[in-house]
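> 3D model of this:
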Amino acid sequence: MARPRVPQAKAEVAGAAIIHPGRFKGRKVPKGTRPLGEPYAKMTPEQREAWEAFRAELPWLNSSHRPLLQVACILRVRMDDAEVGVNQIQTYSAILSKLGATPVDETKVSVADGDDEDPDDRFFGRPN
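Numbers count the residues shown, from 1 in each chain. Below is the predicted model of the structure:
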């Protein structure tokens with residue numbers, strides 16, 4: 001089976017788009033994606049807390065990830081509150097994988113500290 005394609009945003013965060021630019025050259029980025037946004041209104045306070053934790057842990061998530069993230073939040077809270085079955089653990093693991101949040105993916109993603117100078121600043125520099 002072929003490996004799943006890495007989303008463009010994740011590749012940029014991980015640096016894969018820089019290391020292997022040919023892999024992402026012809027790839028089209030979905031238009032109109034919005035930021036992740038606020039949790040769903042019907043989520044419990046604990047699920048909202050999980051949402052914010054995921055937002056901090058996975059900066060590449062956007063509005064198209066919202067339904068999967070909602071399920072991940074529900075399962076994350078259930079795992080903290082009560083005993084869960086193997087099915088729920090497998091479902092949680094599969095969702096984390098789809099969101100790019102597994103330990104294997106963790107080694108592939110590195111978020112910049114924000115202290116690095118943007119190379120485009122020399123062209124679009126700040127005014128004096």
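> distance between the lengthiest helix in the chain and the chain's centre?
What stands out as the longest helix in the chain, according to DSSP state H, is helix 66-81. Centroid separation between helix 66-81 and its chain, computed with Cα atoms, centre = their mean, to the nearest Å, is 15 Å.
> How about stretch 72-85?
From the chain centre to the centre of stretch 72-85 is a distance of 20 Å (Cα atoms, centre = their mean).
> what's that stretch in contact with?
Contacts to stretch 72-85, defined as Cβ atoms under 8 Å, 6 or more residues apart in numbering, come from residues 39, 43-44, 46-48, 50-51, 53-54, 88-89, 91-92, 95-96, 99. No exception for glycine: its C-beta is placed from N, CA and C like everyone else's.
> Just the buried ones from these, in ChimeraX syntax?
The following ChimeraX line selects those of the contacts of stretch 72-85 that are buried, judged by 16 or more other Cβ atoms under 10 Å:
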select :39,43,47,48,50,51,54,92,95,96,99
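> Counting only helices, which of the contacts of stretch 72-85 make the cut?
Those of the contacts of stretch 72-85 lying in helices (DSSP H): 46-48, 50-51, 53-54, 88-89, 91-92, 95-96, 99.
> which one of those is nearest residue 71?
Distance to residue 71, by Cβ to Cβ, is smallest for residue 95 among the ones in helices among the contacts of stretch 72-85, at 5.8 Å.
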